[in-house]
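J.: Pasting a predicted model and its sequence here:
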Amino acid sequence: MFESYLSLTTQALLLGLTVGFVTYYTFGKKKYKLPPGPWSLPLVGSILSMTSEIPLYKQLFDWKKTHGPVITVYMGPIRCVVLSDAETVNEALVKKGSDYAGRFQIYSTEYLTSGYKDIVMADATPTWKHLRKIALQGLRQYLYGSKLEEKVFDSTSKVMRCLKEEEGKPIDVEKYIGLLVCNLLHGVCFNKSFDINDQQFLELLEVFTFTNSELGTGLWEDIIPPLRRFPTAKFKRVMNSFGVFLNFIREEFDDHKANFSEDDTKDFTDYLIHARRQAAIEDPEIENVITDEHLVQTCSDIFSAGFDTTRQTIHWTILLLIAHTEIQKKVHEELDKVLDAGQAPTLNDRDRLPYTEAVLHESMRICPVAPLGLPHSTRCDTTIGEYEIPEGTMVMINHWALHNDPDNWKDPEIFRPERLLDADGKLAPKTMSWLPFSAGRRNCLGETIARPEMHLMLAILLRNFTFSCPEGKTIDLTPDGSLTFLPPKTEIIVEGRT
């Protein structure tokens, strides 16, 4: 009798909540002229219109054809406005940059960033602004000009020795590219270096590979709040895995803090500690506003964001060059023409190697490692074109759609570096249709460093090696993930160039 009564009560409550929810959203809220979008239901949203067989960035691109370049999609109860062409992205991120400069609060990132104490996922607050400023100053001091070149040479020389030992053998190139990028960041952040079989390096590589794979289809906890009290096994796996990386960062930070010397700042972490102490001289409250955890999360941002985007971009570029041997040959020819025998490329050679840079940029166009970027949030009621966007709305940029827009790119599915060169053979100015680093107030913190860094890495690798498939095999260019664009696991052959 009690069980039956409870069941009826529960059903009545659920019915009442659903009716109340629908009534509130139908009649109780301020009406906005929202962009059109796919069919959706209360609570469930547009999820029933999605399919696991099609990556989300492609699904959103298909909806653009039906509803236009600005669409509203409901991820469960979360309203999301998606921008998919250069004009609307420019309006939001550049012309109305302040309106769209917020970060949408997502439970999983709140969990991983100790309550948004980082830079990448934090909202646009005075603390965020101060952290971003000192992080940029630190990067310029330890990863700019000759110091960038020195760090790249150090990391590539170790990897080239490892690759030469594996000449002619099928190898998992991800491991070697991972070491190349990881050592550059390890040197910048902590003034240290890994060896290829260092257990901590292999553990960190596994953390990022596993976490990216698991996040490739998203987390239910981000759109279904009740699950946060009883998290799924997948959520626990991701949090535990990334926790290994965060513990690595915290241990390094604690060691730097314990051994800090004003007279000997060796790396980016030392710079952060020094900058906070200097700021505290003028305003003692700063140490209560910018805590140790803020500095730990800033180091985490620089290391993790720089590691993932750079290694995946270099990895994709090598896979594309293996699939297009004639383009790899052209890069070799440019390098051989510009550089003397035995001469290594430097940052000063960048302008003389436009085809090599066009290859890198075309790789970023056709294989955007973050196809949907990071979620923005509107900081006030605003507009986009003819539509009204309420304050607090999630806004996503479909970078994949921008990079595959047939109105801006002829045959966008074809890997053709020449499309990025001007009539004189120089790299053409970038447009809003090419946006791997985003734009406006929330553009990539390290773009001005990442572009020359990746160009130099790629030039050094191709100056010294030819990359190919094992005999009888072909390269697979199918990306992994629905929210991500991960390179597939592939064995390749590396051979030294004479």
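T.: Okay, I see it.
J.: where do the strands sit along the stretch 151-300 of the chain?
T.: Secondary structure of the stretch 151-300 of the chain, counting by DSSP state E, counting those that start in this stretch: strands at 171-172.
J.: hang on, isn't residue 492 packed against residue 467?
T.: Yes: contact status for residue 492 versus residue 467: in contact at 5.7 Å, counting by C-beta atoms under 8 Å. Any C-beta I mention is one placed from the backbone N, CA and C, and that applies to glycine too.
J.: For the stretch 301-450 of the chain, give me the ranges with low pLDDT.
T.: Applying pLDDT under 70 to the stretch 301-450 of the chain flags no residue at all.
J.: about what we covered before: identify the contacts common to residue 492 and residue 467.
T.: Shared contacts of residue 492 and residue 467 (C-beta atoms under 8 Å, 6 or more residues apart in numbering): 173, 318, 322.
J.: check contacts around the last one.
T.: Which is residue 322. By C-beta under 8 Å, 6+ apart, the contact set of residue 322 is 328, 467, 468, 469, 475, 492.
J.: Filter those down to the ones in strands?
T.: Cross-referencing the contacts of residue 322 against strands under DSSP state E gives 467, 468, 492.
J.: For residue 279, see how far away the last one is.
T.: In this structure, residue 492 lies at 48 Å from residue 279, with C-beta to C-beta, to the nearest Å as the measure.
J.: Check which residues of the lengthiest helix in the chain are buried.
T.: Longest helix in the chain by number of residues (criterion: DSSP state H): helix 292-323. Under the neighbour-count criterion of 16 or more other C-beta atoms under 10 Å, helix 292-323 has 292, 294-322 buried.
J.: swap in stretch 196-210?
T.: 196, 201, 204, 205, 207, 208, 209.
J.: State the mean pLDDT of that stretch.
T.: For stretch 196-210, the mean pLDDT works out to 94.
J.: Dump stretch 320-328 to CSV, restricted to CA.
T.: Below are the C-alpha coordinates for stretch 320-328, written out as CSV (Å, rounded to 0.1, in the frame of the first residue of the first chain):
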residue,chain,number,x,y,z
LEU,A,320,48.8,14.6,-44.1
LEU,A,321,52.3,14.8,-45.6
ILE,A,322,52.5,11.0,-45.6
ALA,A,323,49.2,10.8,-47.4
HIS,A,324,50.3,13.5,-49.9
THR,A,325,53.9,12.6,-50.8
GLU,A,326,54.1,15.3,-53.5
ILE,A,327,53.5,18.0,-50.9
GLN,A,328,56.1,16.5,-48.5
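J.: ok now it, how far from the chain's centre?
T.: Centroid separation for stretch 320-328 versus its chain: 25 Å, with C-alpha atoms, centre = their mean, to the nearest Å.
J.: Also stretch 439-447?
T.: 11 Å.
J.: How about residues contacting stretch 214-222?
T.: Contacts of stretch 214-222 (C-beta under 8 Å, 6+ apart): 52, 106-108, 227-228, 231-232, 234-235, 237-238, 241, 480-484, 486.
J.: again, only this time at 10 Å
T.: 52, 55-56, 75-76, 78, 104-111, 227-232, 234-235, 237-239, 241-242, 375, 479-486 (C-beta atoms under 10 Å, 6 or more residues apart in numbering).
J.: Can you tell me which of those are buried?
T.: Buried among those by 16+ other C-beta under 10 Å: 55-56, 75-76, 104-109, 111, 231, 235, 238-239, 241-242, 375, 479, 481-486.
J.: Can you give me the pLDDT of residue 471?
T.: Taking residue 471 on its own, its pLDDT is 90.
J.: How is it assigned, secondary-structure-wise?
T.: Judged by DSSP: H, G, I helix; E, B strand; the rest coil, the three-state class of residue 471 is coil.
J.: for it, what are its contacts?
T.: Shown here is residue 471, whose contacts under the criterion C-beta under 10 Å, 6+ apart are 170, 493.
J.: So residue 476 is in contact with residue 316, correct?
T.: No: taking contacts as C-beta atoms under 10 Å, residue 476 lies outside contact range of residue 316: 12.0 Å.
J.: Overlap of the contact sets of these two?
T.: 487, 488.
J.: in stretch 145-159, what counts as buried?
T.: Neighbour-count burial for stretch 145-159 flags 148, 149, 151, 152, 155, 156, 158, 159 (criterion: 16+ other C-beta under 10 Å).
J.: all strands of the stretch 351-498 of the chain, in order?
T.: Secondary structure of the stretch 351-498 of the chain by DSSP E, counting those that start in this stretch: the strands cover 376-377, 382-384, 387-389, 394-397, 465-468, 491-496.
J.: how about the second one: buried residues?
T.: Same thing as strand 382-384. Those buried within strand 382-384 under the rule 16+ other C-beta under 10 Å are 382, 384.
J.: chain center to it: distance?
T.: The chain centre lies 26 Å from the centre of strand 382-384; the measure is C-alpha atoms, centre = their mean.
J.: For residue 278, see how far away residue 296 is.
T.: According to C-beta to C-beta, residue 296 stands 19 Å off from residue 278.
J.: Actually, residue 101.
T.: Residue 101 sits 27 Å away from residue 278, going by C-beta to C-beta.
J.: what's the helix or strand for the closest residue to residue 109 other than its chain neighbours?
T.: Residue nearest to residue 109 in three dimensions, not counting chain neighbours: residue 121, with 4.5 Å by C-beta to C-beta, 6 or more residues apart in numbering. Using DSSP states H and E, residue 121 sits in no helix or strand.
J.: Run through the helices of the stretch 201-350 of the chain in chain order.
T.: Per DSSP state H, counting those that start in this stretch, the stretch 201-350 of the chain carries helices over the ranges 233-258, 268-282, 286-289, 292-323, 325-338.
J.: Which positions in the third one come out as buried?
T.: Put plainly, it is helix 286-289. In helix 286-289, counting by 16+ other C-beta under 10 Å, buried: residue 286.
J.: Same check on the first one?
T.: Within helix 233-258, the residues that count as buried by 16+ other C-beta under 10 Å are 235, 238-239, 241-242, 245-246, 248-250, 252-253, 256.
J.: how far out from the middle of the chain is that helix?
T.: Centroid displacement of helix 233-258 relative to its chain, using C-alpha atoms, centre = their mean, is 19 Å.
J.: Next, the angle helix 292-323 makes with that helix.
T.: In terms of direction (axes from the mean of the first three to the mean of the last three C-alpha atoms, to 10 degrees), helix 233-258 departs from helix 292-323 by 120 degrees.
J.: Can you list the helices and strands that helix 233-258 packs against?
T.: Using 3 or more C-beta pairs under 10 Å, 6 or more residues apart in numbering; DSSP states H and E, the elements in contact with helix 233-258 are helix 107-112, helix 173-190, helix 199-215, helix 268-282, helix 292-323.
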